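>>> Sequence and computational prediction follow.
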Amino acid sequence: MEVEKQLQIIKSNVAEIISEEELVKKLKKKRHLRIKLGIDPSGSEIHLGFSVVLRKLRQLQDLGHTAVIIVGDFTGMIGDPTGLSKTRPKLSREQIKKNMAKYKEQILRILNPEHTEFTYNSEWLGSLTMFDFIELASKYTVARILERDDFSQRLKQGIPVYMHEIIYPLCQGYDSVAIKADIELGGTDQKFNLLVGRELMREFNLEPQVVMTLPILEGTDGVRKMSKSFGNYIGITEPPAEMFGKIMSIPDELIIKYFELTTDAFPHRIEEYRTALREGSINPRDVKFELAKTIVRMYHSARAAQKAADDFERTFKKKGVPKHIKEYISKKKEMGIVDLLVESGLMHSRSEAKRKIREGAIDIDGKSVKDIGLKIKLQKPIIIKAGKHRFLKVKSR
RNA sequence: GGGCAGGUACCCAAGUGGUCAACGGGGGCAGACUGUAAAUCUGCUGGCGAAGGCCUUCGGAGGUUCGAAUCCUUCCCUGCCCA
């Protein structure tokens, strides 16, 4: 494909490219570029926020380039301080190993396995000697590391910054040297780390990588970056109903951004939505509904998407009961409502169960439960609704 | 190594002998409302108990006291200043 055309595709939805001229130069060489993406093995679930970067990587693969995934097993033991106001917990080797197995499978749902290399950065970082390391450390100054917002802010606020955290950007940068990256991808919050890689490559007499940053996707709270630790994420392997509901809970203002960054919807379609929303000629709910269907279809199937949509309609619009709900089989034929709520796992403690009953949050077969002493007979299955969207079918055996 | 300031529930943070299961905010959950699990308003947010009430919790361990998150001793941890 012509360089111009490639560039146009590459640039779509990208936040920043440093630098475009260098990128063009690399593209003109007509070889398979090595696109680096570092992943942090602290989690085992990939969410839509991370899919933004992965999808861009996939796009590059489709243009003939090679994805080099660097599993930060070594740096994972340090914990990336980016965006954190405190030190991140370090990971054990076993944990990392376990996480990675699941991770890889999920990544390959988005990436093309044939053009994906997986490497672990312990391969080179683990064998550096103290001597090598000091050599590496001598290539960057303390002041430059401390320029970073996270660090300077923490220092200002008197929050601890540990030695190993300062070293993190260097390690990540060295990864680029080790694999001779042509391009490195990351979220805009990774810009600093990515630039360190550029600089280190130059120090090691390599052609510096092009840095390409992608917008950060806000999570379901609509404010903070989508992240597992904030609990505002939508995982790509979540069950259809769960996924659908979570997408419906994002604030209206994010609908278009989600469409652009996380879906394969056609650009002209997204433009139509954007215009309609701005003019108020369409109910945002309906656009969000489409968004939810699109995403569920991408990660599950068209059928699953339709089913999730139907269930959502039934549950929330018509306040009914979804078709497919979890079942719990009780050993007893009769028991108090409080015990049942705890035993079935709907509530964490008896106190909580009682609270929720008093709040009117518990329905049985559509009738609100008001009495905490209520005895439940399980001759036939009953349906418990806890709050707005948790349903459980209970029967005894 | 020395001096000073700190460590409170999921997070931030008030509380300096009893009225403290601990103000307030965030988050979470729930109710109302709605266009959706958006927005907004209201309530709840340690455990056990039907309830009176009881039990566990304020960095750890001891101690003083009728009684401690609050006082004392000691240990651990963090920040700042000095070396």
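Nice, I can see it.

>>> Tell me the secondary structure at the nearest residue in space to residue A:384 that is not next to it in sequence.
Residue nearest to residue A:384 in three dimensions, not counting chain neighbours: residue A:392, with 4.9 Å by Cβ to Cβ, 6 or more residues apart in numbering. All C-beta spots, glycine's among them, are computed from the backbone N, C-alpha and C. Per DSSP: H, G, I helix; E, B strand; the rest coil, the secondary structure class of residue A:392 is strand.

>>> okay, now residue A:392: neighbour count?
When counting by other Cβ atoms under 10 Å, one arrives at 18 neighbours for residue A:392.

>>> Pick out the residue nearest the middle of chain A.
residue A:47 (2.7 Å; Cα atoms, centre = their mean).

>>> wait, what's in contact with that residue?
Residue A:47 makes contact with A:226-228, A:233-236, according to Cβ atoms under 8 Å, 6 or more residues apart in numbering.

>>> For the stretch 51-200 of chain A, which segments count as strands?
A:66-71, A:116-120, A:183-187 (DSSP state E, counting those that start in this stretch).

>>> quick one: which of those strands is nearest RNA strand B?
strand A:183-187 (21.3 Å; Cβ to the nearest atom of the strand).

>>> Of the strands of the stretch 51-200 of chain A, flag the one that's most buried.
Scoring the strands of the stretch 51-200 of chain A by mean neighbour count under mean count of other Cβ atoms under 10 Å gives strand A:183-187 as the most buried, with a mean of 24.

>>> Give the other helices and strands that that strand contacts.
In this structure, strand A:183-187 makes packing contacts with strand A:34-39, helix A:48-62, helix A:191-203, strand A:210-214, judged by 3 or more Cβ pairs under 8 Å, 6 or more residues apart in numbering; DSSP states H and E.

>>> looking at those, which is closest to RNA strand B?
helix A:48-62 (14.7 Å).

>>> okay, now the domains of chain A?
A:3-214, A:242-317, A:326-396 (automatic domain parsing).

>>> Helices along the stretch 51-200 of chain A, start to end?
A:73-76, A:93-110, A:122-125, A:130-137, A:142-146, A:149-157, A:163-179, A:191-203 (DSSP state H, counting those that start in this stretch).

>>> Just want the residue of the stretch 151-300 of chain A that's nearest RNA strand B.
Closest contact between the stretch 151-300 of chain A and RNA strand B, by Cβ to the nearest atom of the strand, is at residue A:245 (2.0 Å).

>>> what residues are up against that residue?
A:312, A:389.

>>> The same query, at a cut-off of 10 Å, please.
A:220, A:234, A:238-239, A:292, A:308, A:311-312, A:315-316, A:388-389 (Cβ atoms under 10 Å, 6 or more residues apart in numbering).

>>> Now do whatever helix or strand it lives in against helix A:48-62: the angle between them, please.
Assessed by DSSP states H and E, residue A:245 sits inside helix A:240-248. Here helix A:240-248 runs at an angle of 100 degrees relative to helix A:48-62 (axes from the mean of the first three to the mean of the last three Cα atoms, to 10 degrees).

>>> tell me the two of the contacts of residue A:47 that are most distant?
A:227 and A:236 (14.5 Å; Cβ to Cβ).

>>> Without its sequence neighbours, what residue ends up closest to the residue nearest to the centre of chain A?
Closest to residue A:47 by Cβ to Cβ, 6+ apart is residue A:233, at 3.8 Å.

>>> before we move on, what about residue A:10?
Closest to residue A:10 by Cβ to Cβ, 6+ apart is residue A:60, at 6.8 Å.

>>> Would you check that the one you found makes contact with residue A:6?
Yes: the pair residue A:60 / residue A:6 is scored as a contact, 9.1 Å apart, by Cβ atoms under 10 Å.

>>> still on that earlier bit, work out the gap between the helix holding residue A:245 and the centre of the chain.
Centroid separation for helix A:240-248 versus its chain: 14 Å, with Cα atoms, centre = their mean, to the nearest Å.
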